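**Q** Fold the following.
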Amino acid sequence: MTQAEYVGCVEGVSEYFLLPMLQELLESFPFRVIEFHSDNGSEYINHQVAKMLNKMNIDQTKSRSRHSEDNALAEGKNGAIIRKHMGYTHIPRKHAGRINVFCREHLNPYLNYHRFCGFATDYVDERGKVKKKYEVYMTPMQKLMSLPECEQYLNEGVTRETLLAETKRMTHFFADQQVFVERQKLFKEINTRL
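**A** This is a model prediction of the structure:
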């Protein structure tokens, strides 16, 4: 089991804007995506998204109405990633393209190759209850490469060597600094164009 996160930005919450972004993000994963989980919004639950996912052989699951815990992972990532890097203030939709460049070139590589995540280990206590302990910390790509025979899960054209080369392209510290600098440039550009 592994995880990865790819962030994108759309001008509006509709299938017109979402469909191309969703396809770009799904194609960004170095491994085959087998399931896509979304909320019940019409931007995700529609014939066009279903057709695209079917074409890519990806199953779709959706949240249950009024069950906020169904999207706990997404909401947690929103807080830890989106709010931390993009803040809470409104950004006009005309900046979506520039934000996508920042995400594609800086934030997404940082999140997947340089940001450490906790991976839970399950332990069964004396009463038979499963407890999770976070003792293993590594980047999502380190975790992917640690899987036995990880090559069988990779997309065509992606190898263990290409993932390792991308990981070693810069240090974790430098990647973090680069995201900070590029985010500063992005917000300076956004604030001067408001």
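
**Q** thinking residue 10 is in contact with residue 21, fair?
**A** Yes. Applying Cβ atoms under 8 Å as the test, residue 10 and residue 21 come out as touching, 5.1 Å apart. C-beta: built from backbone N, CA, C; applies to glycine.

**Q** the more surrounded of those two?
**A** residue 10 (19 against 15; other Cβ atoms under 10 Å).

**Q** Identify the residue nearest that one in space, chain neighbours excluded?
**A** residue 17 (4.0 Å; Cβ to Cβ, 6 or more residues apart in numbering).

**Q** so the one you found is in which element?
**A** helix 15-28 (DSSP states H and E).

**Q** Give me the contacts around that helix.
**A** By Cβ atoms under 8 Å, 6 or more residues apart in numbering, the residues outside helix 15-28 that reach it are 6, 8-11, 33, 36, 42-44, 46, 48-49, 52, 56, 58, 96, 100, 104, 108.

**Q** Are any of the residues you listed buried, and if so which?
**A** 6, 8-11, 33, 36, 43-44, 49, 52, 96, 100, 104, 108 (16 or more other Cβ atoms under 10 Å).

**Q** State the pair within those that is farthest apart.
**A** Using Cβ to Cβ, the two most remote members of these are 11 and 33, lying 24.1 Å apart.

**Q** hang on, the earlier thing: residue 152: which of the buried ones among the contacts of helix 15-28 is nearest?
**A** residue 33 (14.8 Å).

**Q** Just read off the phi/psi values of that closest one.
**A** Main-chain dihedrals, residue 33, degrees, to the nearest 10: phi -90, psi 130.

**Q** Surely it touches residue 59?
**A** No. Counting by Cβ under 8 Å, residue 33 does not reach residue 59; the two are 9.6 Å apart.

**Q** got a list of what residue 150 touches?
**A** 144, 160.

**Q** Check the spacing between it and residue 82 real quick.
**A** Here the criterion is Cβ to Cβ, to the nearest Å. By it, residue 150 lies 28 Å from residue 82.

**Q** Show me where the chain has its helices.
**A** With DSSP state H, the ranges of helices along the chain come out as 15-28, 47-55, 72-77, 83-86, 96-102, 108-113, 140-146, 160-168, 172-193.

**Q** Export these as JSON lines, with columns for distance to residue 127 and mean pLDDT.
**A** Putting these into JSON lines (distance: least, Cβ to Cβ, whole Å; pLDDT from 0 to 100) gives the following:
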{"stretch": "helix 15-28", "distance to residue 127": "41", "mean pLDDT": "90"}
{"stretch": "helix 47-55", "distance to residue 127": "41", "mean pLDDT": "88"}
{"stretch": "helix 72-77", "distance to residue 127": "24", "mean pLDDT": "72"}
{"stretch": "helix 83-86", "distance to residue 127": "37", "mean pLDDT": "89"}
{"stretch": "helix 96-102", "distance to residue 127": "48", "mean pLDDT": "95"}
{"stretch": "helix 108-113", "distance to residue 127": "37", "mean pLDDT": "96"}
{"stretch": "helix 140-146", "distance to residue 127": "30", "mean pLDDT": "94"}
{"stretch": "helix 160-168", "distance to residue 127": "41", "mean pLDDT": "94"}
{"stretch": "helix 172-193", "distance to residue 127": "40", "mean pLDDT": "93"}
